[in-house]
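K.L.:
sequence plus predicted model, see below.
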Amino acid sequence: MAHETRPKLIDIVGGANQAREARNGREPGANQAREARNGREPAANQAREPRTAANGREQPRTADVRRVWPVAVASHVTDVVARRATLTRSLRLLSLFRYERSDPARFYDALAADTATMVGDLWLAGHGEPPTGRTLLDVGGGPGYFASAFADAGVRYIGVEPDPAEMHAAGPANAGAPGVFVRASGMALPFADDSMDICLSSNVAEHVPRPWQLGAEMLRVTRPGGLVVLSYTVWLGPFGGHEMGLTHYLGGARAAARYTRKHGHPAKNNYGSSLFAVSVADGLKWAASTGAAIAAFPRYHPRWAWWLTTVPLLREFLVSNLVLVLQPR
């Protein structure tokens, strides 16, 4: 089914630029033709770099930017999310982690509801309205654990997952999940530039060798003024080792070997192949380099503990999961 769905979806989103040109009274392909006349290669099928000063590209003038978050609104984003960041919420979410393998539906249903609420709050803070009717791309979404929660919020859900086993990991329980599901890599998303309103990646960046390439792709496919939310597990935090437990503090390779000896097989999240060391500092540095950063905060901490994100070294051990919020310009 994934093989049949993917070409159809790519055709739909790949034609977004031509449709937009036609609505504006231009012939489809006008942008490419104009680039060719100016001595540039048409960029239709090229992965565009994030629009930042860091890569040397000219920044759009303020008057050219449409539907972007005002500075005052951007500074207000964390306050909006913080209203729900209570100790009760933190304890409830953390207590559910023990069910991730024994009862995944229980764990992911709760995480999905919390994630949809967080994304809804972030969108509301930037646009003054809920994300109803918007299109969200969930990068590394597995079998679509989050699909129903976003559908309940009126959001159009598209899930991307490269691993066919993960796409069917939930079995019949999630077979009827609403939305569209595409088998593809988050490192090279098969979608047109500026084709999504919201791009989300939850607990995926630590599982790819080049997490910031993933982030760059998320920025590329999200329209100016849209929303990118990249949340990942911090390596030196208490959950960094995943099923290896706290043995990751002995070192990733040693923890992986220890797990294999104990269980007779490698961990699913195996250090060096499907699990990598990603730090808070790495994420903050990358987000700042894009010129699109809006906010960063610990995902599971109560608001009064968010200050930990600002303290080098300490944050690497005490921030279990970091949320990066970006808005393409």
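P.N.:
On my side now, so go ahead.
K.L.:
wait, L246 touches L236, no?
P.N.:
No. Counting by C-beta atoms under 8 Å, L246 stays clear of L236, with 10.8 Å between them. (Glycine included, C-beta is placed from N, CA and C.)
K.L.:
higher neighbour count, those two?
P.N.:
A side-by-side neighbour count of L246 and L236, using other C-beta atoms under 10 Å, places L236 first with 19 against 11.
K.L.:
quick one: pLDDT of the nearest residue to F146 once chain neighbours are set aside?
P.N.:
Leaving out its chain neighbours, the residue that sits closest to F146 by C-beta to C-beta, 6 or more residues apart in numbering is A112, at 4.4 Å. On pLDDT, A112 comes in at 94.
K.L.:
R254 now?
P.N.:
93.
K.L.:
now the helix or strand containing it: buried residues?
P.N.:
Counting by DSSP states H and E, the element that carries R254 is helix 252-263. Judged by neighbour count using 16 or more other C-beta atoms under 10 Å, the buried positions of helix 252-263 are 252, 255-256, 258-259.
K.L.:
kindly report the same for stretch 283-297.
P.N.:
Result for stretch 283-297 [16+ other C-beta under 10 Å]: buried residues 283-284, 286-287, 290-297.
K.L.:
check these and tell me the two furthest apart.
P.N.:
The distance between the two most remote of those (C-beta to C-beta) is 19.4 Å, for G291 and F297.
K.L.:
what stretches of the stretch 101-250 of the chain score poorly on pLDDT?
P.N.:
168-176 (pLDDT under 70).
K.L.:
can you give me the helices in it?
P.N.:
104-127, 147-152, 164-167, 211-221 (DSSP state H, counting those that start in this stretch).
K.L.:
kindly reformat those as JSON lines containing distance to Y232 and mean neighbour count.
P.N.:
Listed next are the helices of the stretch 101-250 of the chain as JSON lines, based on distance: least, C-beta to C-beta, whole Å; neighbours: other C-beta atoms under 10 Å:
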{"stretch": "helix 104-127", "distance to Y232": "13", "mean neighbour count": "19"}
{"stretch": "helix 147-152", "distance to Y232": "20", "mean neighbour count": "20"}
{"stretch": "helix 164-167", "distance to Y232": "17", "mean neighbour count": "14"}
{"stretch": "helix 211-221", "distance to Y232": "7", "mean neighbour count": "22"}
